[in-house]
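*Asks:* attaching a predicted model along with its sequence, questions to come.
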Amino acid sequence: MSGAGLVRGFEVVIGLETHAQLSTASKIFSGASTTFGAAPNTQACAVDLALPGTLPVLNRGAVERAIRFGLAVGAKVAPLSIFARKNYFYPDLPKGYQISQYEIPVVQGGHVEFVLDGAPRKVRLTRAHLEEDAGKSLHEDYHGQTGIDLNRAGTPLLEIVSEPDMRSSAEAVAYARALHALVVWLGICDGNMQEGSFRCDANVSVRKPGAVLGTRREIKNLNSFRFLQQAIDFEVQWQIDRIEDGLAIEQATVLFDPDSGETRAMRTKEDAHDYRYFPDPDLPPLMIAPEWIASVRATMPELPAAMSARLQQADGLPPDAASMMTQSRPFARFYEAVRDGCDQPRLAANWLMGEVSKRLNAQGRSIESAPVSPQQLGELIRRVVDGTVSNNGARQVFDLLWAAGRIQGEALTESFVDRAIEDLGLKQMNDSGALETIVDAVIAANEKSVAEFRAGKDKAFNALVGQVMKASQGKANPAQAGALLRSKLG
């Protein structure tokens, strides 16, 4: 299911609820640490467990991150919002309720823009609200039993709820990727999906075109973009099969099994009234003054869309290149450092989209861990531009830089570029006198090719250039050699 459109005559309707763990050092209502990987139950304090006599205190940093997100998506940041208790029983919820926001969330409206199949898309947001995470049930290590780890209890989350604007799994994944990139760019979430810092619930339904919305089923806790797409695709086919068999779709919460590629019902879906929401009596209303919003706005980074537009305007990059250069703040910083080092924006972007990205993807690396520094790459591009090394030679130098950087475990110095060119014997011949001697010898030794070129056969000229490159052991500048040949052949 690659793009929007009908599936077996049905329209697919998708909305996502995304939990982004906020990048605070402590929890949303307590001073307990949010560091990942601690021994079970070592980071759950009395406040997280709601022990008698404890009171929650709201983490200011969590609120500021919510404000930052609201500003980035063009939403309304509510001057007053309310915390509520969402009541339900589950073993990893020690309080018997989860503190969340219900009627009045902190972020209201907004949208996320992205590109799919070369076309711009926009998904509207319903809301984004602050809440605390629950603990975690551990099943794998206990035969016939379940362990409970309460370290995550109280971890600050921003739940971002979209409108049901998506019409395919591919569109849902593109939206989720754009949202993921945005929260990481803003510095409000580390985006680590393996650690549960960014996870999605997908609400999926199908309907005949023009009909009312179908009954939705919610696929919970999808922690990879691949699983998100697989789960939606399976769920869509399952719902269509059931409807075509004359059976009804029942609202339910379902889980996705990556091993089987199937979804399975976990429980019938609750509605809001089943949670008996009521304002939390221990937390006063959250008041956000205009001055607070203004101070957060003043610290906002340039957003990806704005930077992409700037790179197209100022650097002359095409839209796809500008979009790739702004895929993350580290990638954007790397590009700008390369560009500033060589003063060649298009070449800098081409190297990053080509040789650099190819190696990063093959090795599962991020741009931050690239063995070649932006200063080195900028220097290498300068050497191509000034004719010191050919494009093919530059790729050989780049291979050496990448391998040497991996061996040494650190970025090599900028001067290593010139040493590598010398050591590999790739420095192009720029001595016009020496090159002229070689060209004269090639013309004298290849009378047939010379005659064919003068008779109008362009292939003969390429053969002559090849002979010059061979005679110079690849060190002649091809453009310079060609120009000299043409001048001598008339």
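*Replies:* Right, received. Where do you want to start?

*Asks:* what's the helix or strand for V204?
*Replies:* strand 198-207 (DSSP states H and E).

*Asks:* partner strands of whatever helix or strand comes next after that strand, parallel or antiparallel?
*Replies:* Helices and strands here follow DSSP H and E; after strand 198-207, the next one along the chain is strand 217-222. Strand pairing for strand 217-222, using DSSP bridges, gives strand 198-207 (antiparallel), strand 252-257 (parallel).

*Asks:* out of those, which is closest to D280?
*Replies:* Closest approach to D280 among those is made by strand 198-207 (23.0 Å; C-beta to C-beta). Bear in mind the C-beta positions are built from the backbone N, C-alpha and C, glycine included.

*Asks:* show the average pLDDT along that closest one.
*Replies:* What strand 198-207 shows for mean pLDDT is 97.

*Asks:* quick check: buried residues in it?
*Replies:* Neighbour-count burial for strand 198-207, counted by 16 or more other C-beta atoms under 10 Å, picks out 198-207.

*Asks:* of the residues you listed, closest to N151?
*Replies:* Once C-beta to C-beta is applied, the member of the buried residues of strand 198-207 that ends up nearest N151 is R199, at 16.4 Å.

*Asks:* you'd agree that closest one is up against F227?
*Replies:* No: if you go by C-beta atoms under 8 Å, R199 and F227 don't touch, sitting 9.9 Å apart.

*Asks:* ok so, going back, out of the buried residues of strand 198-207, which one sits closest to R329?
*Replies:* So of those, ranked by how close each gets to R329 (C-beta to C-beta), first place is F198, at 16.1 Å.

*Asks:* gap between that closest one and Q251?
*Replies:* Between F198 and Q251 the distance is 26 Å, computed by C-beta to C-beta, to the nearest Å.

*Asks:* same question for F114.
*Replies:* Counting by C-beta to C-beta, the gap from F114 to Q251 is 29 Å.

*Asks:* which of those two has more neighbours?
*Replies:* Taking other C-beta atoms under 10 Å, F114 and Q251 do not tie; F114 has more neighbours (20 against 14).

*Asks:* name the helices or strands packed onto the strand or helix carrying that one?
*Replies:* Here F114 sits within strand 111-116, counting by DSSP H and E. Applying 3 or more C-beta pairs under 8 Å, 6 or more residues apart in numbering; DSSP states H and E, we find strand 111-116 packed against strand 119-132, helix 169-186.

*Asks:* ranking the ones you listed by burial, who's on top?
*Replies:* For the helices and strands packed on strand 111-116, the largest average neighbour count (mean count of other C-beta atoms under 10 Å) is found in helix 169-186, namely a mean of 22.

*Asks:* which other helices and strands contact it?
*Replies:* Identification of packing neighbours for helix 169-186 by 3+ C-beta pairs under 8 Å, 6+ apart yields strand 10-21, helix 60-72, strand 111-116, strand 119-132, strand 156-162, strand 198-207, helix 225-244, helix 304-314.

*Asks:* looking at the ones you listed, which has the lowest confidence?
*Replies:* Mean pLDDT across these is lowest at strand 111-116; the value there is a mean of 91.

*Asks:* would you mind writing the CA trace of it as CSV?
*Replies:* In CSV, the C-alpha atoms belonging to strand 111-116 read as follows (Å, rounded to 0.1, in the frame of the first residue of the first chain):
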residue,chain,number,x,y,z
HIS,A,111,-0.2,20.8,11.6
VAL,A,112,2.8,18.8,10.3
GLU,A,113,4.0,19.2,6.7
PHE,A,114,6.0,16.7,4.8
VAL,A,115,6.6,15.4,1.2
LEU,A,116,5.4,12.1,-0.1
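
*Asks:* what lies in contact with that strand?
*Replies:* With contacts defined as C-beta atoms under 8 Å, 6 or more residues apart in numbering, strand 111-116 is touched by 3, 73-74, 120-125, 162, 170-171, 174-175, 177-179, 182, 305, 323.

*Asks:* now stretch 290-300
*Replies:* Contacts of stretch 290-300 (C-beta under 8 Å, 6+ apart): 64, 67-68, 71-72, 77, 79, 186.

*Asks:* per-residue pLDDT, G210?
*Replies:* pLDDT, G210: 91.

*Asks:* and for L424?
*Replies:* 87.

*Asks:* not counting its neighbours along the chain, what's nearest it?
*Replies:* Q396 (5.9 Å; C-beta to C-beta, 6 or more residues apart in numbering).

*Asks:* counting neighbours, which bits of whatever helix or strand the one you found lives in end up buried?
*Replies:* Per DSSP H and E: Q396 is located in helix 391-408. Within helix 391-408, the residues that qualify as buried are 393-394, 396-398, 400-402, 405-406, counting by 16+ other C-beta under 10 Å.

*Asks:* okay, now the domains of this protein?
*Replies:* Under automatic domain parsing, the residue ranges defining each domain of the chain are 6-294, 302-423, 432-489.

*Asks:* how far out from the middle of the chain is the second one?
*Replies:* The gap between the average C-alpha position of domain 302-423 and the chain average comes to 19 Å, counting by C-alpha atoms, centre = their mean, to the nearest Å.

*Asks:* so the residue nearest to L424 versus A349, what's the distance?
*Replies:* Applying C-beta to C-beta, the value for Q396 to A349 is 21 Å.

*Asks:* how about G387?
*Replies:* Plainly put, G387 is 21 Å away from A349 if you go by C-beta to C-beta.

*Asks:* between the two, point out the one with more neighbours.
*Replies:* Set G387 next to A349 and count neighbours by other C-beta under 10 Å: A349 wins out with 23 against 15.

*Asks:* so can I have JSON lines of the helices and strands packed on helix 169-186 showing distance to G341?
*Replies:* Below are these laid out as JSON lines (distance: least, C-beta to C-beta, whole Å):
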{"stretch": "strand 10-21", "distance to G341": "35"}
{"stretch": "helix 60-72", "distance to G341": "30"}
{"stretch": "strand 111-116", "distance to G341": "29"}
{"stretch": "strand 119-132", "distance to G341": "32"}
{"stretch": "strand 156-162", "distance to G341": "37"}
{"stretch": "strand 198-207", "distance to G341": "33"}
{"stretch": "helix 225-244", "distance to G341": "33"}
{"stretch": "helix 304-314", "distance to G341": "16"}
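
*Asks:* for Q344, which of those is the nearest?
*Replies:* Closest approach to Q344 among these (C-beta to C-beta): helix 304-314, 13.6 Å.

*Asks:* and the closest one, what does it pack onto?
*Replies:* Applying 3+ C-beta pairs under 8 Å, 6+ apart, one finds that helix 304-314 contacts helix 169-186, helix 319-325.

*Asks:* redo that, cut-off 6 Å
*Replies:* In this structure, helix 304-314 makes packing contacts with helix 319-325, judged by 3 or more C-beta pairs under 6 Å, 6 or more residues apart in numbering; DSSP states H and E.

*Asks:* pLDDT value on D257, please?
*Replies:* The per-residue pLDDT reported for D257 equals 95.
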